[in-house]
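K.L.:
my questions are about this predicted structure, shown below with the sequence.
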Amino acid sequence: MTDSIVAGRNAVREALRSGSDINKVYVQDSINKNQVKELLDLARKRKVIVQNVPKNKIDSMTDEKHQGIIASISAHEYMDFDKFLQTVEGKDIANVIILDGLEDPHNLGSILRTCDATGFDAVIIPKRRSVQLTETVAKTSTGAIEYIPVVRVTNINQTIDKLKDRGFWVVGTDGSGDTDYRELSLDMSTAVVIGSEGEGISRKTLEKCDFTVKIPMTGQITSLNASVSAALLMYEVYRKQNPVRL
Ligand SMILES: C[S@@+](CC[C@H](N)C(=O)[O-])C[C@H]1O[C@@H](n2cnc3c(N)ncnc32)[C@H](O)[C@@H]1O
């Protein structure tokens with residue numbers, strides 16, 4: 001297990017009180033919830049996600065004495081969406097990547113690394129049903145996590161609306177997209193949306209995109225890896241916004 005875990009009622013209480021960036025609190029489903037009511041109230045107040053799980057799940061996440069409750073602490077801080085908008089306010093062009101339910105920490109780490117290489121301004125992930133910032137993400141990003149803000153939002157579709165209001169064009173990626181990704185001009189602020197490894201982009205989110213693009217594939221396999229697709233799109237944005245002068 002590579003996430004930072006704090007185990008036991010006192011340790012979880014301190015983490016919640018201290019304002020640490022907590023990915024999730026796990027509570028053993030068989031314990032009496034009245035015994036941890038104060039902690040659950042605190043978690044709710046801080047809008048931290050609480051998941052009921054069987055004891056063996058918690059046992060597998062820590063060797064410490066856990067008293068039926070643990071918290072997984074973020075390996076890095078998130079940026080608030082409004083703060084992110086402030087950081088790009090003066091820029092002519094800003095680019096972001098939205099990850100709609102990505103699960104694999106290696107993919108997120110790798111995407112952060114490519115964001116850094118291509119000058120993308122942020123990664124946006126949902127609070128629920130998504131990989132969060134763990135030690136594995138930090139390691140795979142090879143340091144990019146220090147430079148690329150990761151913005152965690154409650155609702156991806158509302159975030160897309162806000163980005164559109166700020167002049168972003170939203171490009172969804174899907175194997176059966178309408179347009180070849182190489183055809184886009186990408187000469188303005190762009191939000192690239194990448195779907196989850198298993199399900200792709202959710203239907204509602206896909207409908208919100210200004211364009212849906214496909215990366216052509218000529219072989220037998222039906223889709224590319226999410227971080228590979230993200231890298232191709234990010235480099236296409238880079239290429240179009242930084243043309244080589246021959
Ligand atoms: C492993 S794929 C998801 C496959 C999933 N079974 C599906 O039906 O969409 C993960 C993500 O990578 C991107 N992707 C993969 N192959 C793509 C392609 N050929 N064109 C555009 N995007 C692609 C999309 O964002 C997709 O949601």
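P.N.:
It's in. Numbers count the residues shown, from 1 in each chain.

K.L.:
domains for the chain, by residue range?
P.N.:
4-73, 81-241 (automatic domain parsing).

K.L.:
turn those domains into CSV, including mean neighbour count.
P.N.:
The way it works is simple: take the backbone N, C-alpha and C, and place the C-beta from them, glycine included. Output for these, formatted as CSV (neighbours: other CB atoms under 10 Å):
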stretch, mean neighbour count
domain 4-73, 16
domain 81-241, 18
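
K.L.:
the strands in this structure, which residues?
P.N.:
4-7, 22-28, 50-53, 69-73, 95-100, 122-126, 150-153, 169-173, 179-180, 190-195, 211-214 (DSSP state E).

K.L.:
what strands line up against the last one, and which way round?
P.N.:
Meaning strand 211-214. According to DSSP bridges, strand 211-214 has the following sheet partners: strand 169-173 (parallel), strand 179-180 (parallel).

K.L.:
same thing with the fifth one?
P.N.:
Applying DSSP bridges, strand 95-100 is found paired with strand 122-126 (parallel), strand 190-195 (parallel).

K.L.:
separation between residue 212 and residue 179?
P.N.:
Using CB to CB, to the nearest Å, residue 212 is found at 7 Å from residue 179.

K.L.:
whoops, residue 76 was the one
P.N.:
For residue 76, the distance to residue 179 - CB to CB - is 35 Å.

K.L.:
now residue 198: closest residue in space, sequence neighbours ignored.
P.N.:
residue 103 (7.3 Å; CB to CB, 6 or more residues apart in numbering).

K.L.:
wouldn't that neighbour be in contact with residue 197 here?
P.N.:
Yes. Assessed by CB atoms under 8 Å, residue 103 is found in contact with residue 197 at 5.6 Å.

K.L.:
identify the residue nearest residue 19 in space, chain neighbours excluded?
P.N.:
residue 46 (8.0 Å).

K.L.:
wait, what's in contact with that neighbour?
P.N.:
Residues in contact with residue 46 (CB atoms under 8 Å, 6 or more residues apart in numbering) are 16, 19, 22.

K.L.:
from the residues you listed, which are also near the ligand?
P.N.:
Near the ligand, judged by CB under 6 Å from any ligand atom, there are no entries from these.

K.L.:
from those residues, pick the one nearest residue 139.
P.N.:
Lowest distance from residue 139 to the contacts of residue 46 (CB to CB) belongs to residue 22, with 19.9 Å.

K.L.:
what bridges to the closest one?
P.N.:
residue 73.

K.L.:
so who does it touch?
P.N.:
15, 16, 43, 46, 48, 71, 72, 73, 74.

K.L.:
give the rounded mean pLDDT of stretch 153-172.
P.N.:
Average pLDDT, stretch 153-172: 96.

K.L.:
stretch 7-21 too?
P.N.:
On average, stretch 7-21 scores 89.

K.L.:
could you dump that stretch to CSV, C-alpha only?
P.N.:
Extracted C-alpha coordinates of stretch 7-21, given in CSV (Å, rounded to 0.1, in the frame of the first residue of the first chain):
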residue,chain,number,x,y,z
ALA,A,7,-5.2,4.8,11.4
GLY,A,8,-7.3,4.9,14.6
ARG,A,9,-9.8,7.3,16.0
ASN,A,10,-7.4,9.8,17.5
ALA,A,11,-5.2,10.0,14.4
VAL,A,12,-8.2,10.4,12.1
ARG,A,13,-9.7,13.1,14.4
GLU,A,14,-6.4,15.0,14.3
ALA,A,15,-6.1,14.7,10.5
LEU,A,16,-9.7,16.0,10.1
ARG,A,17,-9.1,18.8,12.6
SER,A,18,-5.7,19.9,11.2
GLY,A,19,-7.1,20.5,7.7
SER,A,20,-4.9,17.9,6.0
ASP,A,21,-6.0,17.1,2.5
